[in-house]
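Colleague: how would this look folded up:
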Amino acid sequence: METTKRLIMPPTLHLIPNTLGSRTPHLDLPASALEALHACNRFIVESQGSWGRLMNDVDGERSIRELEYFLLNEHTDEQDLLELTRWFRGTEDIGLVSDAGCPGVADPGAQAVRIAHACGWRVRPHIGPSSILLALMASGMNGQAFAFKGYLPRAGKHRDQRWKEMREGLQRRRETQIFMEPPYRNDATFRECLDRLPPDQQLCVAVELTLETEWIRSMAIEDWREEVKRNGTPSLNKRPCLFLIG
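Modeller: All right, here's what the predicted structure looks like:
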């Protein structure tokens, strides 16, 4: 008698986006992401504080003290990753949550995703806000070819080299160049853009995306310089910000 093998689904690593600072995840995240937050009891997180706020906003009745979590960030070492690998020997789904935006995009969560694939797990990305894509959409710049440069080196020859790379990307490949800075350096970086870039170069500044204080402007450097003369430098200090050049 012929028997039918039952298909057994492997456990799932849910890639759950966080908000970009909003305290209204029910408006910013789809139902599938919210359901995963409710269903999972184990989480890989970039920081306890950001994850805790998200969980409280989504499911205030369940304390994070009832849940297991693993910190995955710039301080995680190889020994820690060995411990994380043991999580993927179980059969219970895991949620991966970034501090802001989408896990694995400008985010250390990619290491967990690689482990999940190596262990034969299902990886399910959930839709959510990405500051990089939102800023690109709003910039009016080339969305067919772009390069995200992350945080620029702080100073000196390494920073000069990154600017050289971005100019080559603009001129040779016509790539939109996207980068960010720690919020306390935003004002200085904005002035640096005005000093380093030619008058006809387009610069977009995207601040506090998805928040009520969201502010996005895109124009040529010569127009930015005139704007600064008329109205002063925009206030960017200590505000989440992306810079785009195209």
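
Colleague: Name the single longest helix found in the chain.
Modeller: helix 156-172 (DSSP state H).

Colleague: Who is the residue nearest in space to the middle of the chain paired with across the strands?
Modeller: In the chain, the centroid-proximal residue (CA atoms, centre = their mean) is G101; its distance is 4.4 Å. Applying DSSP bridges to G101 gives these bridge partners: N18.

Colleague: Off-centre distance for the longest helix of the chain?
Modeller: Between the centre of helix 156-172 and the centre of its host chain there is 22 Å, according to CA atoms, centre = their mean, to the nearest Å.

Colleague: Give the buried residues for it.
Modeller: 162-163, 166-167, 169-170 (16 or more other CB atoms under 10 Å). Using the backbone N, CA and C atoms, a C-beta is placed for each residue, glycine as well.

Colleague: got it, and stretch 69-82?
Modeller: 69-70, 72, 76.

Colleague: Quick one: end-to-end distance for it.
Modeller: 15 Å (CA to CA, to the nearest Å).

Colleague: List of residues touching it?
Modeller: Contacts to stretch 69-82, defined as CB atoms under 8 Å, 6 or more residues apart in numbering, come from residues 42-48, 51, 83-84, 87, 96, 108-109, 111-112, 115.

Colleague: change it to 10 Å
Modeller: For stretch 69-82, the surrounding residues in contact (CB atoms under 10 Å, 6 or more residues apart in numbering) are 41-48, 51-52, 55, 83-84, 86-87, 94-99, 103, 107-112, 114-115.

Colleague: same question, stretch 109-117
Modeller: So stretch 109-117 is in contact with 10-13, 15-16, 44-46, 70, 72-73, 76, 80-81, 84-85, 87-88, 94, 96-99, 102-104, 121-125, going by CB under 10 Å, 6+ apart.

Colleague: mind listing the strands for the chain?
Modeller: 12-16, 42-45, 68-71, 94-97, 122-125, 146-151, 176-180, 202-207, 215-220, 241-245 (DSSP state E).

Colleague: Can I get those in TSV including distance to A138 and mean pLDDT?
Modeller: Formatted as TSV, these follow (distance: least, CB to CB, whole Å; pLDDT from 0 to 100):
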stretch	distance to A138	mean pLDDT
strand 12-16	24	98
strand 42-45	29	98
strand 68-71	33	96
strand 94-97	25	98
strand 122-125	22	98
strand 146-151	13	96
strand 176-180	12	98
strand 202-207	6	98
strand 215-220	5	98
strand 241-245	9	98
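
Colleague: ok, the nearest residue to V105 once chain neighbours are set aside - contacts?
Modeller: Nearest-residue entry for V105: S130, 6.0 Å, with adjacent residues in sequence omitted and distances by CB to CB, 6 or more residues apart in numbering. Applying CB under 10 Å, 6+ apart to S130 gives the contacts 17, 20, 98, 100-102, 105-106, 136-137, 209.

Colleague: Kind regards, and thank you for your time.
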